[in-house]
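Visitor: Any chance you can model this:
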Amino acid sequence: MTERFNTFRPDGEATADRWAGALHLFDRTDQAGRADPTEETPADRWERAGLMFEERRYIEAARLLAGLVEEFPRHTAARLLLARAYYHSAQLNRAEKQLRTLIEHDPVEPYAHLLLGRVLERQNRPDEARTWLRRADAFTADA
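Guide: Reported below is the predicted structural model:
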């Protein structure tokens, strides 16, 4: 589990998730020496998913994020990051589903509109994509 602890990026910096694989080293033990693993909180899972996404480990990030989205269905940032992880791992149908759900709950999230347009482009659905890309453009026209 500590295989990533001493890994470095090309610029010489330590990888962002260097501690993600070493968390078990900090687990508590009971008086008999048996492991008493600390349960990972949703915030811990969110942070770990973000680190995995940063490291371009999109499938692993998506696994964590899917659980978070199931637990917190209205969490916009988690659902958007899940859709991005699906997009980057070429799980386009799943990305589309997450983005449509997100837009249903938060219709003024401009990045969701843009990403849905990009997903539809990659699925070779240019007419549908144009609609969503125009909407995304309308959100950012004032900025």
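Visitor: which residues of the chain score low on pLDDT?
Guide: Low-confidence segments of the chain, defined by pLDDT under 70: 1-10, 12-38, 142-143.
Visitor: Spell out, range by range, the helices that occur in it.
Guide: Along the chain, the stretches classed as helices by DSSP state H are 42-54, 58-71, 76-88, 92-105, 110-122, 126-140.
Visitor: Give me the contacts around the fifth one.
Guide: Same thing as helix 110-122. Helix 110-122 is touched from outside by 80, 83-84, 87, 90, 92, 95-96, 99-100, 102-103, 106, 126, 128-133, 135-136, 139-140, with contacts defined as C-beta atoms under 8 Å, 6 or more residues apart in numbering. In short, each C-beta sits where N, CA and C put it, glycine included.
Visitor: Any buried residues in it, and which?
Guide: Counting neighbours by 16 or more other C-beta atoms under 10 Å, one finds that the buried residues in helix 110-122 are Tyr111, Ala112, His113, Leu114, Leu115, Leu116, Gly117, Arg118, Val119, Leu120, Glu121.
Visitor: what would those look like in JSON lines with distance to Glu71?
Guide: Shown next, in JSON lines, are those (distance: C-beta to C-beta, whole Å):
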{"residue": "Tyr111", "distance to Glu71": "22"}
{"residue": "Ala112", "distance to Glu71": "20"}
{"residue": "His113", "distance to Glu71": "25"}
{"residue": "Leu114", "distance to Glu71": "26"}
{"residue": "Leu115", "distance to Glu71": "22"}
{"residue": "Leu116", "distance to Glu71": "23"}
{"residue": "Gly117", "distance to Glu71": "28"}
{"residue": "Arg118", "distance to Glu71": "27"}
{"residue": "Val119", "distance to Glu71": "24"}
{"residue": "Leu120", "distance to Glu71": "28"}
{"residue": "Glu121", "distance to Glu71": "31"}
